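# How does the following fold in three dimensions:
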Amino acid sequence: MSQINGTILSKMVRLKSDRLSGMSVPPRRDNICTRERTRLPRFSRIFCGTWRAAMGLFLLVVIISGAQPRPAHAQTDSESVTYTVTFEGNWNTDSTPGGVVGGAHFTTLIGAVHNSDVTFWAKGEIATAGVEGVAELGSTGTFETEISNAEKKGTVKSIVREGGTSATGTSTLEVEFSPTHPLFTLLSMIGPSPDWFVGVSALSLLDESDDWRTSHTVDLFPYDAGTENGEEFSLSNSATSPQGDITSLRGQGKFSDVRMARLNFTLNNVIPPLEETETGEVDTDGGGGCTLGGGDSGSAFGLFLATLALLLAVLLRRHLAEGKMH
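Coordinates of the predicted model:
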């Protein structure tokens with residue numbers, strides 16, 4: 001009997017042992033190792049959180065700055081300028097020692113702004129019909145036609161016209177020039193006279209460095225158009241045949257070596273070029289549509305970058321302080 005009980009007890013112990021071996025026993029809590037969260041290297045943390053936003057903003061600013069168009073006033077290849085041109089008469093006994101004739105005056109000022117592809121008159125050359133009309137009668141019609149014909153070819157920017165003045169009076173006009181048309185030609189009859197006039201031919205308002213002159217003065221002396229005879233201040237004279245060349249009368253005949261008149265040029269302002277939009281419309285603001293504050297875009301954009309740099313410096317200081325705490 002005792003042998004049977006021992007056998008049963010042995011089987012029960014073995015069965016219990018088998019059951020226990022198939023069960024999953026949780027490990028003791030004191031043997032569990034908690035895995036700490038891996039800290040990102042400082043290099044990687046720069047691109048997280050606030051820094052990621054700041055860096056994104058910085059990249060956006062860089063992209064925008066690259067897309068900024070140049071200010072219109074810096075486009076020296078296409079800018080125009082305006083000058084105030086003042087004609088000052090100086091017809092007195094110094095310029096004509098024999099006396100000043102009654103009714104002495106300078107007729108209508110007529111001329112053009114043009115380029116070097118056209119010349120309307122020059123010393124040593126034959127006067128055109130237009131120059132003859134101005135020099136003999138102060139008539140501007142034919143000369144204006146000659147200028148208009150040149151304008152159609154693109155060699156003339158504009159016709160210049162202003163009323164004449166007395167022997168010692170002044171006449172003022174506003175004239176626009178461009179880098180492609182920087183030359184100035186002007187005529188005015190010395191009246192009364194056979195065919196005498198004062199003026200300038202192809203005078204450039206650009207200096208030797210191709211910069212606009214801020215101011216410029218030109219003394220004007222008398223010329224003979226070579227189209228009419230006569231040595232007195234009169235209108236009724238016979239035509240010169242054959243026609244002669246245009247010659248200087250400075251210090252000859254009735255004239256001394258003193259100027260008869262003067263032209264004063266004063267630079268007013270630079271005119272930005274008109275720009276066409278994608279729709280073909282002309283942008284009269286001259287700002288290109290993308291600048292910040294028009295002509296002050298550079299200053300405004302520089303202030304924006306300085307503010308951004310200050311913001312980045314503050315964030316960097318805060319980031320370094322947090323790194324020391326951890």
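# Just the strands from this structure, written as ranges.
80-89, 105-106, 109-114, 156-162, 165-166, 170-177, 183-191, 196-204, 215-220, 223-224, 247-248, 261-271, 275-276, 282-283 (DSSP state E).
# I'd like the ones you listed written out as JSON lines, with distance to Ala321, mean pLDDT and mean neighbour count added.
C-beta: built from backbone N, CA, C; applies to glycine. Compiled in JSON lines, the strands of the chain are given as follows (distance: least, CB to CB, whole Å; pLDDT from 0 to 100; neighbours: other CB atoms under 10 Å):
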{"stretch": "strand 80-89", "distance to Ala321": "56", "mean pLDDT": "98", "mean neighbour count": "19"}
{"stretch": "strand 105-106", "distance to Ala321": "81", "mean pLDDT": "98", "mean neighbour count": "22"}
{"stretch": "strand 109-114", "distance to Ala321": "66", "mean pLDDT": "99", "mean neighbour count": "26"}
{"stretch": "strand 156-162", "distance to Ala321": "65", "mean pLDDT": "98", "mean neighbour count": "19"}
{"stretch": "strand 165-166", "distance to Ala321": "78", "mean pLDDT": "98", "mean neighbour count": "17"}
{"stretch": "strand 170-177", "distance to Ala321": "61", "mean pLDDT": "98", "mean neighbour count": "16"}
{"stretch": "strand 183-191", "distance to Ala321": "68", "mean pLDDT": "99", "mean neighbour count": "25"}
{"stretch": "strand 196-204", "distance to Ala321": "65", "mean pLDDT": "99", "mean neighbour count": "20"}
{"stretch": "strand 215-220", "distance to Ala321": "61", "mean pLDDT": "99", "mean neighbour count": "15"}
{"stretch": "strand 223-224", "distance to Ala321": "83", "mean pLDDT": "99", "mean neighbour count": "24"}
{"stretch": "strand 247-248", "distance to Ala321": "84", "mean pLDDT": "99", "mean neighbour count": "14"}
{"stretch": "strand 261-271", "distance to Ala321": "51", "mean pLDDT": "94", "mean neighbour count": "16"}
{"stretch": "strand 275-276", "distance to Ala321": "50", "mean pLDDT": "52", "mean neighbour count": "14"}
{"stretch": "strand 282-283", "distance to Ala321": "50", "mean pLDDT": "47", "mean neighbour count": "12"}
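# Let's test this: name the helix or strand in this protein with the lowest mean pLDDT.
strand 282-283 (a mean of 47; mean pLDDT, DSSP states H and E).
# Without its sequence neighbours, what residue ends up closest to Asp207?
Of all residues not flanking Asp207 in the chain, Arg213 sits nearest, at 5.4 Å (CB to CB, 6 or more residues apart in numbering).
# Return the backbone torsion pair for the one you found.
For Arg213, the backbone dihedrals (degrees, to the nearest 10) come out as phi -70, psi 130.
# From what I see, Arg165 and Trp91 are in contact.
One correction, residue 165 is Thr, not Arg. No - using CB atoms under 8 Å, Thr165 makes no contact with Trp91, being 9.9 Å away.
# Need the overlap of contacts for the two.
Phe106 (CB atoms under 8 Å, 6 or more residues apart in numbering).
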